[in-house]
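In: 3D, please:
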Amino acid sequence: MSHGGKNVSPTKRVGILGGGTAGSTIAIRLAALGLETYLFEKKKSLIDGPPMCHLHAGGNLYREIPDEDCVALLKQCIDILRLYPHTIDVRPTVFAVPTRDEGFPEDLLPRLDTLTDAYQELIEQDANNKVLGEPEDYYQLYSHEQLLELSKREQVAVPSTVDEWVIPVAKYLDLNKVKFPLIVVQEYGWNIFRLAASAQLALEEYDHAHVFTDTTVQKVVPVDCENCTNADHHVTKWRIDYQQAHNQAQKQENASQTESIEVDYLINACGFRTGVIDDMVGVEVTRMVEFKSSYVTHWGDAGGQIPEIIVYGQRGTPEGMAQLTPYPGGYFQIHGMSKAITLFDDGLVASNTDSAQPKLPQQYVHYIEDGWDKSPLQARSQQAIEYVAEFVPTFNSARTIGNALYGGQQIPGEDDTLRVADVSLYSNIRYARAENVKASSTLIAADQIVNELTELGLVDNDTPMNRGRYAHEWSYLTHNDGVSVDKVARVLAEQRGFPIAMADVNHSVREAVLDDLSPAGA
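Out: You can find the predicted model right below:
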């Protein structure tokens, strides 16, 4: 058919397997370009995966990763924040080096200066990148004397200056157990319930986005495969066979009702189950999967809002990092990077020559699919409270609430300290695998897939819709604000068995930043 003198081919179809952060973000990016986008997710809602708590705007939790990875994380976080602005809790993070640790706070200062310069540079490129406050406030140091002084001040229920945020830290942190200075960085909170809500609202915007939740993909098969026995074969279409779990009665009647869709390109974003699809597609790959958990507790004695508190430690040892992440309503999420709390003795598994899918012990698969067993959950939650109370003694009054954020995290390759990863492309078979160790890299992964689709002639690159991505003109943001995200996020938190307060933020980006981000000349 002709359209203004130009031949327009029928709209191309892309299938995305897995509706976690990667799959959902890639779906938004592709649907915005006008591709027919089919997103399949096993769970009842999108983005219901491993724990997240933190926008890694600089990667300061990880002393062991190189500075260039930290700069990459900073850029990715600013980028993703502009796609999902209503998912962020604006509050600083306090980093403390314990006295028992071999490191010193000063060791981190060159990296923090590098990050400050990188942030300044990003703002010079685009004023709307100024989402983490002023560059000169990106990090601040607090000496022992300053903290003793602040500990005498009255705590402020809703802090508005960095000093006010640090008052409760000065009061509650055991200052005899940490080295000085303390480092306070504009590393914000990232809320998984609000992220799920934002992705759902964004995908509802596009007629081209077809979202299948509560759906199992049974297999994927090449439709038109040349030289299928040959390693160098070519595939231009894939068939996805899937089954939707409607209500139980219908399920009994149509136990074997499988539906199919053919797509021009296949994207594997199955998270820790990525290898299952790799095996079906026939690509060999080395990877690891790690089962991790963080615990939800309630602490009524915080006296108001407090920043996130990180006490460094060596991962996997009994003195691993302790992380106390605040939510509204007195709820706190805890990570303790030891094998008694967040990590598990047999929780890290690798793929082998027979399969690209590492095999997690059945116990953890059971937790992921059916929920935690009560008594180990209770025991680990209590250990988490005690772990934090070593440094924040009054936290021993916190109570467990019988839930956790947990799941399997995939790690491409053989390096379990890897924190930056994106996408693998197999052009000859029109297949991509998105493997995001950190959720912040998903938009970059989506861009790489768009470049690949352009080279394959499946999408036209220089369109206003594609340019709109770099200006962060996402259509759902024009008429959805923090309040619409609140509503959906609260429903999701309740459905997943979490306190509804955890779906909210104490300080949203909207009030803090977005008001100042009016386009030039407006």
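In: any idea how far the nearest residue to P181 once chain neighbours are set aside is from V485?
Out: Nearest residue to P181, sequence neighbours excluded (C-beta to C-beta, 6 or more residues apart in numbering): L141, at 3.9 Å. Any C-beta I mention is one placed from the backbone N, CA and C, and that applies to glycine too. Distance of L141 to V485, given as C-beta to C-beta, to the nearest Å: 35 Å.
In: quick one, which of those two is more surrounded?
Out: Neighbour count, other C-beta atoms under 10 Å: between L141 and V485, V485 has more, with 29 against 14.
In: what strand or helix carries that one?
Out: Remark: V485 resides in helix 482-495, with elements defined by DSSP states H and E.
In: R100: neighbour count?
Out: Using other C-beta under 10 Å: R100 sits among 10 other residues.
In: how about the contacts made by it?
Out: K177, E319 (C-beta atoms under 8 Å, 6 or more residues apart in numbering).
In: so it: helix, strand or coil?
Out: coil (DSSP: H, G, I helix; E, B strand; the rest coil).
In: give me the buried stretch members for the longest strand belonging to the chain, please.
Out: Ranked by residue count, the top strand of the chain under DSSP state E comes out as strand 399-412. Under the neighbour-count criterion of 16 or more other C-beta atoms under 10 Å, strand 399-412 has T400, I401, N403, A404, L405, Y406, G407, G408, Q409, Q410, I411, P412 buried.
In: what's the answer for stretch 372-392, then?
Out: Neighbour-count burial for stretch 372-392 flags 372, 377, 380-381, 383-385, 387-392 (criterion: 16+ other C-beta under 10 Å).
In: chain center to it, what's the gap?
Out: 23 Å (C-alpha atoms, centre = their mean, to the nearest Å).
In: list of residues touching it?
Out: Under C-beta under 8 Å, 6+ apart, the answer for stretch 372-392 is 96, 98, 172-174, 177-178, 293-297, 309, 311, 322, 324, 334-336, 338, 340-342, 367, 395-396, 398, 400-404, 406.
In: buried members of the residues you listed into ChimeraX, please.
Out: To isolate the buried subset of the contacts of stretch 372-392 in ChimeraX, counting by 16+ other C-beta under 10 Å, use the following:
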select :96,98,172,173,174,178,293,294,295,296,297,309,311,322,324,334,335,336,338,340,341,342,367,395,398,400,401,403,404,406
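In: what secondary structure does the residue lying closest to L74 once chain neighbours are set aside sit in?
Out: Once flanking residues are discounted, L74 sits nearest to G58: 4.8 Å by C-beta to C-beta, 6+ apart. Following three-state DSSP, G58 is assigned to coil.
In: show me what contacts E205?
Out: A31, S475, Y476.
In: for the helix holding V485, buried residues please.
Out: Of the residues in helix 482-495, those buried (16+ other C-beta under 10 Å) are G482, V485, D486, V488, A489, R490, V491, L492, A493.
In: so for the fourth one, what's the pLDDT?
Out: Yep, that's V488 we're talking about. Looking at V488, its pLDDT is 98.
In: look at the spatially closest residue to it that is not a sequence neighbour and say how many residues are nearby.
Out: Nearest in space to V488, with sequence neighbours left out and distances taken as C-beta to C-beta, 6+ apart, is A197 at 3.6 Å. Neighbourhood size, A197 [other C-beta under 10 Å]: 29.
In: tell me which element A197 falls in.
Out: Element membership of A197 [criterion: DSSP H and E] is helix 192-204.
In: one more: W165?
Out: Per DSSP H and E: W165 is located in helix 162-172.
In: likewise for Q383?
Out: helix 374-389.
In: tell me the mean pLDDT over that helix?
Out: For helix 374-389, the per-residue pLDDT averages 96.
In: in a markdown table: the buried residues of strand 399-412, plus pLDDT.
Out: Below are those laid out as a markdown table (pLDDT from 0 to 100):
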| residue | pLDDT |
| --- | --- |
| T400 | 96 |
| I401 | 93 |
| N403 | 92 |
| A404 | 93 |
| L405 | 91 |
| Y406 | 92 |
| G407 | 90 |
| G408 | 89 |
| Q409 | 85 |
| Q410 | 83 |
| I411 | 82 |
| P412 | 80 |
